[in-house]
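Visitor: kindly generate the corresponding structure for this input.
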Amino acid sequence: MAKTGNFNHSSTNTTTVTGIAATYAVGRVHKHTLLATDPLSSAKYVNKIEGIYVRINTISGGATSLTCQGSFDAAGDDIWFPNTEGELAIGVTTATKGAAVFEFKLPVHIEVGSDVYLFFKMGTGSCVVDKTTITWSE
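Guide: Now for the predicted structure:
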């Protein structure tokens, strides 16, 4: 039977990234592997990225937002998700924990490999990123 409708997938990285501050840095990144699910596709990955979830902790210095950027390369130069600022949702009982969520909803075609990289920076203050999830649909 042929598949119908949309199928959602996700990639999660739980590596702790410390020192998120006012600038991007190559060492402060989360790597995700997105695999094409269509065996007839010539592309490594070509589906629609729906959104990005970033969980943070150790929020300090009056931080109220997190900026995220996505790249096809580990150096952060081949951009697919431009600088996008997300307001921090702060924990109800713990003011140093929170999250930022980004909506994308565009097709992405990875020409080489199947990895993408997320970079982070803060407008003010600092934080630690301890989990990111990229969700996509086909």
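
Visitor: got phi/psi on residue 135?
Guide: Reported as degrees, to the nearest 10, the phi and psi values for residue 135 are phi -110, psi 140.

Visitor: name the nearest residue to residue 23, sequence neighbours excluded.
Guide: Leaving aside its chain neighbours, residue 23 sits nearest to residue 121 (5.7 Å; criterion: C-beta to C-beta, 6 or more residues apart in numbering). Placement of C-beta: from N, CA and C, glycine included.

Visitor: ok, and what's touching the host helix or strand of the one you found?
Guide: Assigned by DSSP states H and E, residue 121 falls within strand 115-122. With C-beta atoms under 8 Å, 6 or more residues apart in numbering as the contact definition, strand 115-122 has outside contacts at 13, 17, 20-25, 28-34, 52, 54, 61, 63, 65-74, 76, 80-81, 108, 110, 129, 132, 134.

Visitor: could you list the paired strands of that strand along with their orientation?
Guide: strand 29-33 (antiparallel), strand 65-71 (antiparallel) (DSSP bridges).

Visitor: just the buried residues of the contacts of strand 115-122.
Guide: For these, a burial check counting by 16 or more other C-beta atoms under 10 Å picks out 13, 17, 20-21, 24, 28-30, 32, 34, 52, 54, 63, 66-72, 76, 80-81, 108, 110, 129, 132, 134.

Visitor: so what's residue 80 closest to, chain neighbours aside?
Guide: residue 70 (5.1 Å).

Visitor: quick check: beta-bridge partners of the one you found?
Guide: Counting by DSSP bridges, the residues bridging with residue 70 are residue 81, residue 118.

Visitor: hmm, it is touching residue 76, no?
Guide: No. Under the criterion of C-beta atoms under 8 Å, residue 70 makes no contact with residue 76, lying 9.2 Å away.
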